[in-house]
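**Q** sequence-free structure coming up:
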């Protein structure tokens with residue numbers, strides 16, 4: 001439904017004339033062009049915009065820093081972009097209790113800088129922290145490699161406030177505006193891609209900044225050897241904060257296993273000595289901290305070269321990833337190649353380069369194998385949408401439950417319509 005001038009005036013009356021503007025071509029979401037960009041200053045204004053949009057039947061696309069707006073399916077319709085960038089304050093840092101309350105539009109780097117003044121951090125490793133916002137990170141469930149030690153975002157977020165599609169403010173885990181009985185809002189909102197409500201603030205559990213950090217890398221050109229090493233690493237009593245396997249598959253595969261240690265200098269030295277003993281005959285070398293940016297570099301390349309690059313998010317049991325990578329290499333070589341960064345938890349990203357037909361065939365086979373193993377392959381970006389490849393893959397047995405929850409929270413399908421699993 002096209003937004004009528006009358007409803008545009010209502011939006012303006014809520015946020016002020018200077019905070020609503022016509023959407024530009026750069027505001028399009030997967031080729032779907034919205035009409036307006038609306039920027040509320042607080043939760044009440046944001047909730048008012050949602051109530052007005054719901055009444056008018058206008059679709060709302062929530063947006064923070066816009067770093068992951070190409071994730072998910074193209075929306076079925078887009079009336080307005082609802083920007084959270086003016087909701088950007090750190091509201092309360094209870095440093096003695098290791099908690100923080102922050103608005104959804106606050107950039108992650110701004111939050112981390114504020115926490116660092118008290119020697120604390122939100123223990124995540126999200127993409128593009130200077131631009132990405134707290135709400136966007138939660139909605140896309142982007143936590144990064146530190147989840148190995150500190151847990152996933154669902155473990156770190158202990159409360160959220162959601163603005164529902166009808167304008168209701170619903171909170172859980174913090175200062176209550178209104179409770180939604182029977183639902184765990186933080187866990188529901190995390191990874192829902194803004195389809196259930198717009199996150200306006202969040203409460204996080206914090207951790208202390210480490211005294212020292214050190215990264216080491218083990219390398220090999222044999223996938224089986226890397227798998228054996230990861231098996232030993234996972235079975236060891238080493239206390240590492242992150243571990244990832246980088247696959248660089250060109251003429252032949254090169255595999256690098258990076259391990260991050262945090263703590264005291266003496267404690268780290270002892271841990272690295274154990275790694276060297278455990279890794280034999282694989283060599284262990286010191287590595288620059290930049291190896292942890294490998295995942296972000298793959299994302300950046302996919303955005304810069306969408307015509308020849310396809311990015312996917314992989315989920316599998318940690319030791320089954322290696323067989324999947326070996327099979328994928330066999331299907332692509334020598335026509336195409338790939339890079340991948342896989343956490344020791346079995347989650348990661350893979351970037352495929354090559355002609356569309358070769359990549360499409362390999363992706364279909366890879367997804368089928370992963371789903372057979374109980375894993376998944378989600379495409380990030382829309383480079384293969386024209387080939388009929390659904391970004392999400394098979395919805396699975398939980399689809400009817402997800403659709404039921406969507407109907408409960410957003411019965412008129414106002415928020416991000418069609419962008420989530422199965423076109424929810």
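**A** Sure thing, it's come through. These figures come from a predicted structure and were not determined experimentally. Numbering: from 1, shown residues only.
**Q** Just the pLDDT at the residue nearest to residue 122 when sequence neighbours are not counted, thanks.
**A** Closest residue in space to residue 122, ignoring its immediate chain neighbours: residue 204 at 5.3 Å, by CB to CB, 6 or more residues apart in numbering. For glycine as for every other residue, the C-beta is placed from the backbone atoms N, C-alpha and C. pLDDT, residue 204: 96.
**Q** So residue 204 belongs to a strand, correct?
**A** Yes - assigned with DSSP: H, G, I helix; E, B strand; the rest coil, residue 204 falls within a strand.
**Q** Dig out what it forms beta bridges with.
**A** Beta bridges link residue 204 to residue 100, residue 157, judged by DSSP bridges.
**Q** distance of it from residue 117?
**A** Plainly put, residue 204 is 16 Å away from residue 117 if you go by CB to CB, to the nearest Å.
**Q** same deal with residue 101?
**A** Remark: distance between residue 101 and residue 117 (CB to CB) = 16 Å.
**Q** The two: which has the busier surroundings?
**A** residue 101 (18 against 9; other CB atoms under 10 Å).
**Q** State the mean pLDDT of stretch 369-384.
**A** Average pLDDT, stretch 369-384: 88.
**Q** Quick one: residues in contact with that stretch.
**A** Stretch 369-384 has contacts (CB atoms under 8 Å, 6 or more residues apart in numbering) with 30-31, 68, 70-71, 74, 299, 302-303, 306-307, 309-317, 320, 324, 327, 346, 349, 356, 359-360, 363, 366-367, 389, 391-394.
**Q** Tell me the buried residues within those residues.
**A** Of the members of the contacts of stretch 369-384, the ones counted as buried by neighbours, 16 or more other CB atoms under 10 Å, are 30, 68, 70-71, 74, 299, 302, 309-316, 320, 324, 349, 359-360, 363, 366-367, 389, 391-393.
**Q** Now, those residues that are in helices?
**A** 299, 302, 324, 359, 360, 363, 366, 367 (DSSP state H).
**Q** what residue ranges in the stretch 151-300 of the chain score low on pLDDT?
**A** Within the stretch 151-300 of the chain, the stretches falling below the threshold (pLDDT under 70) are 174-183.
**Q** quick one: the helices in it?
**A** 153-156, 185-189, 223-235, 265-279, 294-304 (DSSP state H, counting those that start in this stretch).
**Q** just checking, which of those sits deepest inside the structure?
**A** Per-residue neighbour counts averaged over each of the helices of the stretch 151-300 of the chain give the maximum for helix 185-189, namely a mean of 22 (mean count of other CB atoms under 10 Å).
**Q** Make a markdown table out of the ones in helices among the buried ones among the contacts of stretch 369-384 and add distance to residue 220.
**A** Formatted as a markdown table, those follow (distance: CB to CB, whole Å):
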| residue | distance to residue 220 |
| --- | --- |
| 299 | 25 |
| 302 | 26 |
| 324 | 18 |
| 359 | 26 |
| 360 | 30 |
| 363 | 26 |
| 366 | 22 |
| 367 | 27 |
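**Q** Would you map the strands across the stretch 251-400 of the chain?
**A** With DSSP state E, counting those that start in this stretch as the definition, the stretch 251-400 of the chain shows strands at residue ranges 253-263, 284-287, 309-315, 337-343, 347-353, 376-380.
**Q** which stretch among these comes nearest residue 79?
**A** Closest approach to residue 79 among these (CB to CB): strand 376-380, 24.7 Å.
**Q** mind giving me the domain ranges of this protein?
**A** According to automatic domain parsing, the chain is divided into the following domains: 5-85, 90-208, 212-387.
**Q** Dump the ones you listed to TSV, plus distance to residue 421.
**A** Compiled in TSV, the domains of the chain are given as follows (distance: least, CB to CB, whole Å):
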stretch	distance to residue 421
domain 5-85	9
domain 90-208	9
domain 212-387	9
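**Q** who wins for proximity to residue 402 among these?
**A** Once CB to CB is applied to these, the stretch that comes out nearest is domain 90-208, at 8.8 Å.
**Q** Mind checking the helices of the stretch 151-300 of the chain for the one nearest to residue 212?
**A** Each of the helices of the stretch 151-300 of the chain was checked against residue 212 via CB to CB, and the shortest separation belongs to helix 265-279, namely 5.1 Å.
**Q** List the residues that contact the residue nearest the centre of the chain.
**A** Nearest to the geometric centre of the chain sits residue 142, at 2.5 Å (CA atoms, centre = their mean). Contacts for residue 142 were tallied using CB under 8 Å, 6+ apart; they are 68, 124, 126, 127, 132, 136, 153.
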